[in-house]
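[1] Sequence below, structure please.
(chains A and B)
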Amino acid sequence: MFRETEILKSGSQVLPAGEDSGGAGDLVINVGPQHPATHGVLHLVITLNGETIKKVEPHLGYIHRSIEKMCESLTYRQFIYVTSRMDYLSAHINNHACALCVEKGMQIEVPERAQVIRVIMDELTRIASHELWWGAMAMDIGAFTPFFHAFREREKINEIMEETCGARLTMNYYVPGGLMAELHPDFQKKVKEFIALFKRKVDEYDELVTGNIIFINRMKGIGVLPKEDAISYGCSGPAARGSGVNCDIRKLYPYAVYDKVQFDEILETDGDSLARYMVRIREMKQSVRIIEQLIDNIPEGDFQAKTKAVLKLPKGEFYSRVETARGELGVYIVSEGGTTPYRIKFRSPGFSNLSALDHMARGSKLGDLVAMMGTLDLVIPDIDR
Amino acid sequence: MFIVKYIKDVFSGLKSLLVGMRRTGYYFTHHKEIITEQYPDNRDTLVLAERFKGEVVMPHDENNEHRCTGCTACELACPNATLKVVTKFDITPEGKKKKAIDKLVYHLELCTMCNLCIVACPSDAIVMAQTFEHSVFNRADLTKILNKPGSKIMDGVE
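    The predicted structure follows:
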């Protein structure tokens, strides 16, 4: 680890003990990981002056699995399942991006039924992801109960997923041309039950956390990311919408049936942790609104378009983008005309959002770093593919 | 004015805490809302979804016959080289050679339950089972042979 010593030697940033710092000096501390084999580990090297953060440097690489390289040896049907392991909380949406990119290259017309089901699944995934974020972030801040409340509702979504897709987290339900299987007969009933339940419970979330004076004091004005900086760091998703950047791919570049449903793009202008928090809470309500519009109007028809047994993309470059729970995910495929991609690049939202952490954290206290990281909603396998 | 604002803040803060405490108290007194399942104790009553992807199995009928023709479609569809088809040649009563599977080797330790082999199988020979307790003491136990010993292909499956 030569980087830490490099920080120490570069000198301009780090003060040695005893010089105009009251004898305290600057301190370089490592935050995480406890063990490199634990899941989702992020290593932050933080330079502190007293309790004030001077620099935050994230170190990546603990869970690098070279997914992009792996995809180069897999066919266009096979590589989709790997992308569930990137941002595992929005696995459906990752698969959607890959399926869209292959469909664009092959010029496959996806049946209306498949598109509607995809959007419902995506929005359920978004709710599940935001719920886990809400519970985990509240636990980071110091509230323990919200975690159980969030997981109680999330369990209902997991059950719906398990019934239709056969798995709870890495579903692999989307294939190029549509869906892998027909919906479970109980799907519509279960989703309606969940929506009715969730609408009541989301108000409980506000009672428990959003209005809480301790919570507001820890979030308001913490980790301010101005609009210009959010754009220049390439932030996307709720992290950027909290700063007032119009970046919802569902609105800007509609895919599937997002152009046929009514929903609002949530924008907050404060740019602090509370704004990012409010964006996600309000986004969950918008997701419910989208599902309500579609759940009774799933058109009849095939769930999968007829495709060839072996998929071959024509020679060229293809790009598709979707809005995951964390921001914009881009999939870029370079094809040489064969059955496997020549090169795949994923533009993951977490990486760009993490790059803004240093800018946000400078000058604030160490205890506030947790609030900033919590509201950025970092999923490490997404950052470190 | 500062004092008035200060006192207002104190009371609104207290109120927000009490609102949260009321919700906590509600769950403290309403035990029916608790949904925790005691997993190892509820094994007998645990019902998994019928589509749950636990492991790949090959169903056999009462005559110890399966539907696998040994076409290797599953092997080609698998992203992780989990399935390996080993074929042999049977001699039919007419004296002709016929291709059949000797064994279908399944590496559970490599499987990611992506369902691609099940979708690819043209004769519905393999399905997903709902078993999920896969831990064993010896790693070699995870390599399984899906067709039962002495089994043969069903009549009429090509």
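[2] who touches residue B:131 in this structure?
    Shown in contact with residue B:131 (Cβ atoms under 8 Å, 6 or more residues apart in numbering or on different chains): B:54-55. To be clear about C-beta, it is placed using only N, CA and C from the backbone, and glycine gets the same treatment.
[3] On the pLDDT front, check it for me.
    As predicted, residue B:131 sits at a pLDDT of 86.
[4] Looks to me like it is in a helix.
    No - the assignment for residue B:131 by DSSP: H, G, I helix; E, B strand; the rest coil gives coil, which leaves it out of any helix.
[5] what separates it from chain A, distance-wise?
    According to Cβ to the nearest Cβ, to the nearest Å, residue B:131 stands 13 Å off from chain A.
[6] Backbone dihedrals for that residue, please?
    phi -70, psi 140 (degrees, to the nearest 10).
[7] For residue B:137, see how far away it is.
    Distance, residue B:131 to residue B:137, using Cβ to Cβ, to the nearest Å: 17 Å.
[8] Also residue A:264?
    Between residue A:264 and residue B:137 the distance is 55 Å, computed by Cβ to Cβ.
[9] These two: which is more packed in?
    Between residue A:264 and residue B:137, residue A:264 has the larger neighbour count (other Cβ atoms under 10 Å in any protein chain shown), namely 12 against 5.
[10] pLDDT score for the residue nearest to the more buried one when sequence neighbours are not counted?
    Setting aside the residues directly before and after it, residue A:264 is nearest to residue A:286 in space (Cβ to Cβ, 6 or more residues apart in numbering or on different chains), at 5.9 Å. At residue A:286, the model reports a pLDDT of 90.
[11] Quick one: list the elements packing against the one helix or strand residue A:286 maps to.
    When secondary structure is defined using DSSP states H and E, the element that contains residue A:286 is helix A:273-295. In terms of contacts (3 or more Cβ pairs under 8 Å, 6 or more residues apart in numbering or on different chains; DSSP states H and E), helix A:273-295 is packed against helix A:112-141, helix A:187-205, helix A:213-219, helix A:238-241, helix A:366-376.
[12] Can you tell me which of these is packed in deepest?
    Across the helices and strands packed on helix A:273-295, the average number of neighbours (mean count of other Cβ atoms under 10 Å in any protein chain shown) peaks for helix A:238-241, which reaches a mean of 30.
[13] ok, now which ones touch the residue of the stretch 201-350 of chain A found nearest chain B?
    The stretch 201-350 of chain A approaches chain B most closely through residue A:213 (3.5 Å), counting by Cβ to the nearest Cβ. For residue A:213, the contacting residues are B:12-14, B:16-17, by Cβ under 8 Å, 6+ apart.
[14] hmm, 6 Å instead?
    When the contact criterion is Cβ atoms under 6 Å, 6 or more residues apart in numbering or on different chains, the partners of residue A:213 are B:13, B:16.
[15] one step back: could I get the helices and strands packed on helix A:273-295 as TSV with mean pLDDT?
    Shown next, in TSV, are the helices and strands packed on helix A:273-295 (pLDDT from 0 to 100):
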stretch	mean pLDDT
helix A:112-141	89
helix A:187-205	88
helix A:213-219	85
helix A:238-241	88
helix A:366-376	85
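[16] Nearest to residue A:179 among the ones you listed would be which one?
    helix A:112-141 (5.1 Å; Cβ to Cβ).
[17] For that closest one, which helices and strands make contact with it?
    Contact here means 3 or more Cβ pairs under 6 Å, 6 or more residues apart in numbering or on different chains; DSSP states H and E; on that basis helix A:112-141 packs against helix A:91-106, helix A:145-165, helix A:273-295, helix A:366-376.
[18] Centre of the chain to the third one, how far?
    Here the centre of helix A:273-295 is set off from its chain's centre by 14 Å, with Cα atoms, centre = their mean, to the nearest Å.
[19] List of residues touching it?
    A:116, A:120, A:123, A:126-127, A:130, A:188, A:191, A:195, A:219-220, A:222-223, A:238-239, A:241-242, A:261, A:263-264, A:266, A:268, A:371, A:375.
[20] Could you check how far the residue nearest to residue A:264 is from residue A:60?
    32 Å.
[21] okay, those two: which has more neighbours?
    With neighbours defined as other Cβ under 10 Å, residue A:286 and residue A:60 compare such that residue A:286 has more, 20 against 15.
[22] what about the spatially closest residue to residue A:347 that is not a sequence neighbour, which SS state?
    Closest residue to residue A:347 apart from its sequence neighbours, by Cβ to Cβ, 6+ apart: residue A:330 at 3.5 Å. At residue A:330, secondary structure determined by three-state DSSP is strand.
[23] Walk me through the domains of chain B.
    Taking automatic domain parsing as the reference, chain B has its domains at B:2-33, B:55-153.
[24] for residue 108, what are its contacts?
    No chain in the question, so chain A it is. Shown in contact with residue A:108 (Cβ under 6 Å, 6+ apart): A:177, A:305.
[25] My question was about chain B, not that one.
    The neighbourhood of residue B:108, defined by Cβ under 6 Å, 6+ apart, consists of B:55, B:142.
[26] Find me the pLDDT at it, would you?
    According to the per-residue confidence, residue B:108 scores 88 in pLDDT.
[27] separation between it and residue B:145?
    For residue B:108, the distance to residue B:145 under the criterion Cβ to Cβ works out to 11 Å.
[28] Around chain A, pick out the residues from chain B.
    B:13, B:16, B:19-20, B:23, B:35, B:49, B:51-53, B:79, B:114 (Cβ under 6 Å from any Cβ of the partner chain).
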